[in-house]
Each structure stands twice: as structure tokens, then as C-alpha cells.
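> Here is my input, please return the structure:
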Amino acid sequence: MKPFLKTAAFALVLAACGGASLPQADKPAAETASAVQTKVVMDTNQGRVVLLLDGQKAPQTVANFKQYAEQGFYNGTVFHRVIDGFMVQGGGFTADMVQKPTADPVPNEADNGLKNHTGTVAMARTADPHSATSQFFINVADNAFLNHTGKTAQGYGYTVFGKVVEGMDVVQKIAKVRTGNRAGHQDVPLEPVVINRVQIVSDK
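Prediction:
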């Protein structure tokens with residue numbers, strides 16, 4: 001898929017990130033400023049994926065993801081947008097394609113030096129750079145056009161906050177599932193790819 005087509009496809013899915021809001025719990029200052037790495041296990045119906053989150057480079061984004069994980073928000077959600085050669089996106093819809101209400105958005109931290117390389121995890125958002133809530137994606141290609149290039153609407157980029165350290169074969173398997181249109185959304189897996197559980201296993 002050519003870059004401009006990838007951009008268009010991504011914009012379509014991110015435009016659907018709106019919805020009802022949940023109250024946002026206050027994040028402890030120590031957590032948002034933490035320089036830790038967090039290991040997360042994501043069990044899916046396609047296999048297990050292990051993520052390492054970078055709390056030093058993306059402290060607010062990591063704190064946000066951890067909050068959702070600790071609340072069990074991601075359990076039972078799906079990878080609802082899958083484009084082979086681009087990315088797999090999840091963390092916002094149930095298997096019935098019902099969008100879950102979220103907490104308030106987090107600031108864009110895409111200027112942290114981390115790039116949208118294959119195997120990295122980044123936050124999905126709308127055209128507003130500071131609109132990321134619960135949805136994330138895993139890059140299955142080097143998507144340089146998603147990187148931060150400047151603090152403009154077009155240049156902010158998409159915040160990378162971690163990477164896959166185990167189970168990239170599972171991610172690539174997900175990327176190759178058959179997709180179609182469902183509930184007004186494109187590129188939805190025909191058979192739901194379910195995130196059974198997201199569990200934080202260590203901070204260091």
C-alpha cells in the first residue's frame with residue numbers, strides 16, 4: 001500500500017475515535033513522571049503478545065495505558081482495524097463493534113524520539129493531535145510518515161510508547177486475517193480478534 005493510501009486509511013479509522021467519556025482518575029505525580037519500563041502481557045485469541053512500555057520517553061501515555069489496563073478496560077475488546085503491511089489497531093471496541101466510553105484524552109508525546117518502526121506500539125487519535133484515549137496500534141511496517149516532524153496539526157505525529165518484545169509472530173498473524181466492512185467500519189476482521197486480557201506483570 002502506498003504511503004498516501006495508508007494515510008487515508010488511517011485517518012478514516014481515527015475519525016471514529018469519539019464517543020462518551022468516563023471520568024478520569026487523577027494520576028499520581030510519581031507515576032506520570034516515572035522513568036520505568038513496564039512489561040505488559042496481552043493475551044488474545046490468536047496468541048500471546050508481550051509489550052515493553054517506555055515510561056521515560058512517554059510518561060503520560062504509559063500512565064494512561066496502565067490505568068486502562070488496571071481497570072480491565074481492554075479485556076474483551078478487539079483489534080477492530082487491521083491492514084496488512086501497515087498496522088493492527090485495537091483497544092476501543094467490543095466484539096460486537098460497540099465503542100466503549102473512555103476517560104479524557106492525553107497530551108501528544110510523539111516528539112519523544114521514538115519512531116513508528118515495525119513492532120512499536122503507538123496511540124491512535126483523531127485529527128486533533130491531543131485526542132488519544134484508549135485506542136492503540138502496533139506497526140507491522142516502518143511507518144515513517146506517522147512520526148513527529150513538528151508541532152503543527154500535520155506534523156505532530158503519533159505517539160510511540162512501547163514495543164513488542166515477544167509475540168511479533170502473533171501480531172503478523174493478526175495482520176493477515178481476512179477483513180471486510182462491519183457496523184460502518186472498514187478493515188474489520190471477519191472473525192473477531194479478541195483481546196482476552198491485558199495484564200501488567202512488572203515495572204522496573
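> Doesn't residue 68 belong to a strand?
No: Residue 68 is assigned helix when assessed by DSSP: H, G, I helix; E, B strand; the rest coil, not a strand.
> what's the nearest residue to it if we skip its chain neighbours?
Using CB to CB, 6 or more residues apart in numbering and skipping residues adjacent in sequence, the residue nearest residue 68 is residue 134, 5.2 Å away. The way it works is simple: take the backbone N, C-alpha and C, and place the C-beta from them, glycine included.
> quick one: that neighbour and residue 90 touch, right?
No: contact criterion CB atoms under 8 Å: residue 134 and residue 90 do not qualify, at 9.4 Å.
> in this structure, which helix or strand is least confident?
helix 29-32 (a mean of 42; mean pLDDT, DSSP states H and E).
> related to what we said a few turns ago, and residue 134 and residue 90? Which one has more around it.
Taking other CB atoms under 10 Å, residue 134 and residue 90 do not tie; residue 134 has more neighbours (28 against 25).
> what pLDDT does that one get?
Note on residue 134: pLDDT of 98.
> which residues touch it?
By CB atoms under 8 Å, 6 or more residues apart in numbering, the contact list for residue 134 reads 68, 73, 74, 91, 92, 100, 102, 103.
> What segments of this protein are helices?
Ranges of helices in the chain, per DSSP state H, are 3-14, 29-32, 59-70, 168-175.
> which residues are contacting the last one?
Helix 168-175 is contacted from outside by 44, 46-49, 79, 82-85, 87-88, 119, 138, 140, 164, 189, 193, using CB under 8 Å, 6+ apart.
> For residue 176, grab the count of nearby residues.
A total of 12 residues lie near residue 176 under the criterion other CB under 10 Å.
> got it, and residue 190?
Residues lying near residue 190 (other CB under 10 Å) number 11.
> which residues sit in contact with it?
177, 178, 179, 180.
> Pull the contacting residues for the last one.
The contact partners of residue 180, by CB under 8 Å, 6+ apart, come to 188, 190.
> Tell me the bridge partners for it.
residue 188 (DSSP bridges).
> Just to be sure, which of the contacts of residue 134 are found in strands?
Of the contacts of residue 134, the ones assigned to strands by DSSP state E are 91, 92.
> can you put the contacts of residue 134 in CSV and add pLDDT?
Shown next, in CSV, are these (pLDDT from 0 to 100):
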residue, pLDDT
68, 98
73, 98
74, 99
91, 98
92, 97
100, 97
102, 97
103, 96
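> Please identify which of the contacts of residue 134 is nearest to residue 123.
Comparing the contacts of residue 134 against residue 123 with CB to CB places residue 91 closest, at 9.2 Å.
> That closest one contacts residue 135, doesn't it?
Yes: between residue 91 and residue 135 there is a contact under CB under 8 Å: 4.6 Å.
> got any residues that touch both of the two?
By CB under 8 Å, 6+ apart, the residues touching both residue 91 and residue 135 are residue 124.
> got the end-to-end distance for stretch 38-54?
7 Å (CA to CA, to the nearest Å).
> Averaged pLDDT, that stretch. What do you get?
Per-residue pLDDT over stretch 38-54 has a mean of 98.
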